[in-house]
Structures are given as C-alpha cells and as structure tokens.
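Chemist: build me a model:
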Amino acid sequence: MSSLTSAVSWGRRHIPDVAVPAITRTRLARARKDDARAAKAHREMDFLLGGVSTPAEVDRAAERYLERDILRSELRWHPKLITFQEVEGVANLVAARKRGRGVVISFLHHGHYEGAVASVCRADQPMLVVVSPEMLAPDAPEFLKQHVRTGTVSGGRPLDATVGAKGMLAALAEGEVLAIASDVPGRTPIRFLGVDRLGSFGAARLATGAGAPVVSMTAHPDADGRPYLRLSEPLDPRDFASPDDLLLEMVRLQEAPVLAWPEAYHQPTLRWGAVQPAGSAAAS
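Modeler: Numbers count the residues shown, from 1 in each chain. Okay, the predicted model is just below:
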C-alpha cells in the first residue's frame with residue numbers, strides 16, 4: 001500500500017464520529033452532479049427492484065441509494081457507529097445454539113452488514129463469519145482490511161472460505177455459530193424479488209449436512225433511520241423436504257425487509273448473478 005493511501009486511510013479512521021453526517025452531505029452534493037454515479041445507482045436499484053417495482057419507485061430508490069452508499073463508505077471507518085446495532089430475537093439464536101449442532105446465520109449484504117456480525121456478537125457471544133480469501137490477503141485493499149477490522153471488533157472471527165465445506169462442517173460440529181451470506185456469486189437459481197437470479201447454495205447445504213438450525217438475520221431501519229437487526233426463529237433442516245426448500249425459505253424471509261429498505265442493499269449487481277437466456281453464449 002502506498003504511503004498516500006496509508007495516510008488517507010489513517011485519516012478516515014481518525015475523523016471524529018460526529019463529523020460523519022457533514023462529510024456525507026458534502027460528498028453527496030458532489031455525487032449528485034456526477035451523471036455516472038447517478039446512472040450506477042439507478043442500475044443497482046433497477047437490478048434489485050425491476051421485477052416488483054414501477055419505474056418511478058426505482059427512480060426514488062436510486063436517489064436514496066446514492067446517499068446510503070456514500071454514508072456506508074464513511075461508516076465502515078467508524079465501527080462504533082455500526083457495531084452497536086440493536087438486535088431483536090437474540091433468544092432465538094440462544095435457543096438454536098442450545099441444540100448443540102452448531103448454528104448457521106443466513107444473511108444478505110443488506111443494511112449496515114459490515115457491523116452486523118459484530119453487533120450480534122456483542123448481544124450474544126463471538127461467532128465465525130465466512131469471508132472471501134481476498135479479504136484476508138496481506139495485500140488486500142485498505143477498505144477490505146477495514147471491513148474485517150469492523151466485523152471482528154467485538155470478538156468475531158473471520159473464516160476463510162477456502163476451508164471449503166469440510167472445514168465449515170467441522171466448525172458446526174464443534175458447536176460454532178457460522179454466519180454465511182447467501183447472495184454471493186454462485187450457480188444456484190434463486191427466485192428473489194420477482195426475478196430469477198443466481199446465488200449460493202452453501203448455507204442451506206451446510207445446515208442440512210450438519211443438521212444445524214438456520215437463523216435468518218435481517219436488517220431494518222428504525223423510526224429515525226438507524227439500522228437494527230432481527231434474528232428469526234430457528235429453521236430446522238429436518239422440517240424441509242430438501243436443502244432447496246430450506247434455501248427458498250431462507251431467501252423468502254429476506255424479501256420483505258429488502259423491499260422495505262431497498263437503498264440499503266449494497267451493490268446488488270455484485271452479489272447476484274443473472275440467469276442467462278437458454279441457448280446464449282454465456283449459458284453454454
């Protein structure tokens with residue numbers, strides 16, 4: 001990392017928390033004059049909402065997305081502002097842990113997820129969160145390193161996804177709570193918000209293989225716009241005919257919270273794959 005990048009990163013970490021709103025407003029005023037930024041925001045919201053919302057609703061969501069995206073890029077440098085999110089349903093996680101088969105926490109990159117696991121760790125106890133290997137690489141971009149710092153500030157531990165299913169099943173067998181995102185690039189067809197997409201089958205497959213209950217973590221804004229989290233009642237894989245049915249329910253539980261707060265979904269085009277038409281070159 002260059003000395004300039006290092007200095008900028010150090011500076012962002014040491015800006016007072018109270019200055020974040022003013023910095024966000026200044027950056028937002030500039031972004032609104034940038035046609036490329038506005039177009040990107042619209043693409044993100046159209047990709048997410050195009051199957052269930054009107055063009056006018058997509059336009060309004062895109063305006064809000066631009067502000068939320070800028071706020072997010074500031075908040076990752078201020079862990080105290082996003083790692084003390086209120087957590088509803090902690091008793092559901094405690095009950096799931098008591099079953100002794102480990103627990104899978106299923107989540108999407110929605111809300112201020114960067115501080116979500118840390119918030120749940122504060123409310124209950126430390127857990128593992130599966131991360132892509134580039135986030136842990138020595139030469140990772142500084143914003144990714146900061147993402148890891150924020151997510152582990154309250155004792156959570158990153159688990160490199162390259163340990164594979166065997167390593168993750170071993171962790172569950174030891175009674176660990178394992179947080180896994182289902183909206184990562186994959187080959188599993190998933191119907192989400194009225195559109196066929198491609199996501200990851202990993203969380204449902206692991207839960208089924210380990211017999212581990214699944215707790216869905218969803219993100220919500222309170223009346224003042226502050227993010228909070230909700231943990232669902234445990235889903236027992238044995239109650240579903242197949243891992244596919246379990247995955248459908250995991251994703252279904254996320255739809256209403258995302259639709260209620262779409263601008264808080266971080267770069268949905270990066271998270272979900274698009275199903276290619278039959279016979280296309282990409283599908284061959």
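
Chemist: output the below-cut-off pLDDT ranges for the chain.
Modeler: 1-8, 10, 276-284 (pLDDT under 70).

Chemist: so how far is the top helix by length along it off the chain centroid?
Modeler: Identified as the longest helix of the chain according to DSSP state H is helix 55-75. Centre-to-centre, helix 55-75 and its host chain are 16 Å apart (C-alpha atoms, centre = their mean, to the nearest Å).

Chemist: mind listing residues that contact it?
Modeler: 12, 20, 23-24, 27-28, 31-32, 37-38, 41-42, 44-46, 48-50, 53, 81-82, 112, 114-115, 143, 262-266 (C-beta atoms under 8 Å, 6 or more residues apart in numbering). The C-beta positions use only the backbone N, C-alpha and C, and glycine is treated the same way.

Chemist: quick check: closest non-adjacent residue to Thr150.
Modeler: Pro79 (4.6 Å; C-beta to C-beta, 6 or more residues apart in numbering).

Chemist: the one you found touches Ala116, doesn't it?
Modeler: No. The pair Pro79 / Ala116 is not scored as a contact, 12.0 Å apart, by C-beta atoms under 8 Å.

Chemist: those two: which is more packed in?
Modeler: Taking other C-beta atoms under 10 Å, Pro79 and Ala116 do not tie; Ala116 has more neighbours (27 against 21).

Chemist: need the contact partners of the helix or strand that that one is a member of.
Modeler: For Ala116, the element it lies in under DSSP states H and E is helix 116-123. Here helix 116-123 makes contact (C-beta under 8 Å, 6+ apart) with 79, 82-87, 90, 93, 105, 107, 127, 129, 150-156, 179, 217, 219, 229, 231.

Chemist: go again using 7 Å as the cut-off
Modeler: For helix 116-123, contacts defined as C-beta atoms under 7 Å, 6 or more residues apart in numbering pick out 83-85, 87, 90, 107, 127, 129, 150-156, 179, 217, 219, 229.

Chemist: same deal with stretch 247-258?
Modeler: Contacts of stretch 247-258 (C-beta under 7 Å, 6+ apart): 106, 108, 110, 182, 190, 192-193, 201, 203-204, 214, 216, 218-220, 232, 235, 240, 265.
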